[in-house]
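Novice: I would like to see how this sequence folds:
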Amino acid sequence: MPELPEVETVCRGLNQVTRKQTIVGGEVLLKRSIAYPLTTDAVFWQKLTGLEISNWSRRGKYLLANLTDNQEQAAGYLGVHLRMTGQLLWLKQDVPPSQHTRVRFFFQDKQELRFVDIRTFGKIWLVPPDRKPEEIITSLQTLGIEPLSAQFTPDYLAQKLQKSKSQIKKILLDQTIIAGIGNIYADEALFESRIHPETLGSTLNSQQLALLQKAIVTVLENALEQGGTTIRDFRTVTGTNGNYGGVAWVYGRYQQPCRVCGTPIERLKLGGRSSHFCPQCQSRG
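Specialist: Numbers count the residues shown, from 1 in each chain. Predicted structure coming up:
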């Protein structure tokens, strides 16, 4: 699933190509990709056609486009969650759609924003102007702090972890605590802070919390510079791969030598997810 760096990379790309562009029509090829409103395709496009994308923003792993009408008045939001395999691609309309194309948004000059989704878990919401995004996309209500915000501090981590009985890897994946971190960057941040993924969150001392907070920010910023990580399906809006996988410390490097000490990277299952770590650099001791 695309995580914060991938979604933010897509967000920045969308602002480059669709900002101030007017939606002139479209096509829904898979009805269940539209989570709201649950109506006919004709009504969906009637509500959307003629609206301009003012700008895109990101909240956790969600994308939100501010929409305006021809009087430059607020006209709602377009929300997108890529889930496992979703892609938003900026293409010419004459490029033949792939079999996994689910929704097509048409723009002027025969351009289109194409929602491609192999596993079909991704969702799109059209939020009306009289509603807040979190009223329609209810998962937004429970999202935790943004890890690249000024409010994300070691003290915040201490507050959230002091009574936790969960392992730190599971805590980092909890979107109600920190929004946007997934399996890849949780593994990477734990390596950079030299913390074993099975360590109980409540046992981390102030020095470890400071190292972890700094590692999370550093890993996410580095991944953003690399355009995110492409394992199988992630693409930027122009169709290119993310490059972070080539410089990852531990994720996806099972049995390969640690880039620091040379010890083979190990892997274990936590909460049904694979965790990669170096048993030397991240010892339990």
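
Novice: and the strands in the protein?
Specialist: Using DSSP state E, the strands of the chain run over 23-28, 34-36, 52-59, 62-68, 74-81, 86-92, 101-107, 111-117, 123-127, 266-270, 273-277.

Novice: hey, C-alpha coordinates of the fourth one in CSV?
Specialist: What follows is strand 62-68, C-alpha atoms only, in CSV (Å, rounded to 0.1, in the frame of the first residue of the first chain):
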residue,chain,number,x,y,z
TYR,A,62,-5.7,10.2,1.7
LEU,A,63,-5.7,12.7,-1.2
LEU,A,64,-8.1,15.7,-1.2
ALA,A,65,-8.7,18.1,-4.0
ASN,A,66,-10.4,21.4,-3.3
LEU,A,67,-13.0,22.1,-5.9
THR,A,68,-14.3,25.5,-7.1
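
Novice: so what angle separates the directions of it and strand 74-81?
Specialist: 160 degrees (axes from the mean of the first three to the mean of the last three C-alpha atoms, to 10 degrees).

Novice: cool, and the last one?
Specialist: Here strand 273-277 runs at 80 degrees with respect to strand 74-81, directions being taken by the same axes, to 10 degrees.

Novice: sorry, back to before: can you check which of the strands of the chain gets nearest to Gly180?
Specialist: strand 52-59 (7.9 Å; C-beta to C-beta). Heads up, the C-betas are built off the backbone N, CA and C, glycines and all.

Novice: any buried residues in that closest one, and which?
Specialist: Residues 52-54, 56, 58-59 are the ones in strand 52-59 that count as buried (16 or more other C-beta atoms under 10 Å).

Novice: so what does that strand touch, helix or strand wise?
Specialist: helix 4-17, strand 62-68 (3 or more C-beta pairs under 8 Å, 6 or more residues apart in numbering; DSSP states H and E).

Novice: on that earlier part again, save the strands of the chain as TSV, and put in distance to Tyr156 too.
Specialist: Shown next, in TSV, are the strands of the chain (distance: least, C-beta to C-beta, whole Å):
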stretch	distance to Tyr156
strand 23-28	39
strand 34-36	31
strand 52-59	17
strand 62-68	21
strand 74-81	25
strand 86-92	30
strand 101-107	37
strand 111-117	34
strand 123-127	29
strand 266-270	23
strand 273-277	23
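
Novice: in a markdown table, list these along with mean pLDDT and distance to Val250.
Specialist: Formatted as a markdown table, the strands of the chain follow (pLDDT from 0 to 100; distance: least, C-beta to C-beta, whole Å):
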| stretch | mean pLDDT | distance to Val250 |
| --- | --- | --- |
| strand 23-28 | 97 | 41 |
| strand 34-36 | 97 | 35 |
| strand 52-59 | 98 | 26 |
| strand 62-68 | 98 | 27 |
| strand 74-81 | 98 | 27 |
| strand 86-92 | 96 | 26 |
| strand 101-107 | 98 | 34 |
| strand 111-117 | 97 | 29 |
| strand 123-127 | 98 | 31 |
| strand 266-270 | 95 | 9 |
| strand 273-277 | 94 | 4 |
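
Novice: which one of those strands lies closest to Val247?
Specialist: Across the strands of the chain, closest to Val247 is strand 273-277 (C-beta to C-beta), at 14.3 Å.

Novice: quick one: strands adjacent to that closest one?
Specialist: Here strand 273-277 has these sheet partners by DSSP bridges: strand 266-270 (antiparallel).

Novice: restrict the partner strand to CA atoms and write it as CSV.
Specialist: Written as CSV, here are the backbone C-alpha positions of strand 266-270 (Å, rounded to 0.1, in the frame of the first residue of the first chain):
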residue,chain,number,x,y,z
GLU,A,266,16.1,-11.1,9.2
ARG,A,267,12.4,-11.1,8.9
LEU,A,268,9.5,-11.9,11.3
LYS,A,269,5.8,-11.7,11.4
LEU,A,270,4.0,-9.1,13.6
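
Novice: can you list contacts of that strand?
Specialist: 167, 169-170, 197-198, 254, 274-279 (C-beta atoms under 8 Å, 6 or more residues apart in numbering).

Novice: run the last query once more with 6 Å
Specialist: 169, 254, 274-276, 279 (C-beta atoms under 6 Å, 6 or more residues apart in numbering).
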